[in-house]
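S.K.: Here's my sequence, what's the structure:
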Amino acid sequence: MSVGGDEHRPGSIGKLTWERIETAPFDRELEIAVIEGHAIHRLVFPCRRIFGGWIKAMTGEHVAVQPTHWRIWPR
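M.R.: A predicted model of the protein is given here:
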């Protein structure tokens, strides 16, 4: 799994808030992450939710990760 650097706390980071993965939309590019305690392990590429999992938004390649949170991909 490719992840970015750890950020300091879940929830609000700047103006972007991490949402629970169950609420992730299917129709847009998202930043997804696994949040464990106070550590945020985020993927460094935009993803899209599909039925049964996640894909890389740019290539359509399946992403083998079970994220816990999402937010809109920052542009």
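
S.K.: shaky segments in this structure?
M.R.: Low-confidence segments of the chain, defined by pLDDT under 70: 1-15.

S.K.: residue contacts, the residue nearest the centre of it?
M.R.: Geometric centre of the chain, nearest residue: Ile32, 0.3 Å, by C-alpha atoms, centre = their mean. Contact analysis of Ile32 by C-beta atoms under 8 Å, 6 or more residues apart in numbering lists 21, 24, 42-43, 47, 54, 65, 67, 69-70. The way it works is simple: take the backbone N, C-alpha and C, and place the C-beta from them, glycine included.

S.K.: tell me, which strand in this protein spans the most residues?
M.R.: As assigned by DSSP state E, the longest strand anywhere in the chain is strand 30-36.

S.K.: Spell out the secondary structure type for Glu22.
M.R.: Three-state call for Glu22 (DSSP: H, G, I helix; E, B strand; the rest coil): helix.

S.K.: count of neighbours near Phe26?
M.R.: Neighbours of Phe26 under the rule other C-beta atoms under 10 Å: 9.

S.K.: Does it touch Arg49 like I think?
M.R.: Yes - with contact defined as C-beta atoms under 8 Å, Phe26 reaches Arg49; the gap is 5.0 Å.

S.K.: Next, the distance between the ends of stretch 52-70.
M.R.: With C-alpha to C-alpha, to the nearest Å as the measure, stretch 52-70 spans 16 Å from end to end.

S.K.: Pull out the buried positions in that stretch.
M.R.: The neighbour-count check on stretch 52-70 (16 or more other C-beta atoms under 10 Å) flags 54, 56-57, 63, 65, 67-70 as buried.

S.K.: List the ones among those residues that fall in strands.
M.R.: Those of those lying in strands (DSSP E): 54, 56, 63, 69-70.

S.K.: which of those sit farthest apart?
M.R.: Distance extremes for these: the farthest pair is Lys56 and His69 at 17.9 Å, using C-beta to C-beta.

S.K.: And for stretch 61-68, what's in contact with it?
M.R.: Contact with stretch 61-68 is made by 1, 20-21, 32-36, 43, 47, 53-56, as judged by C-beta under 8 Å, 6+ apart.
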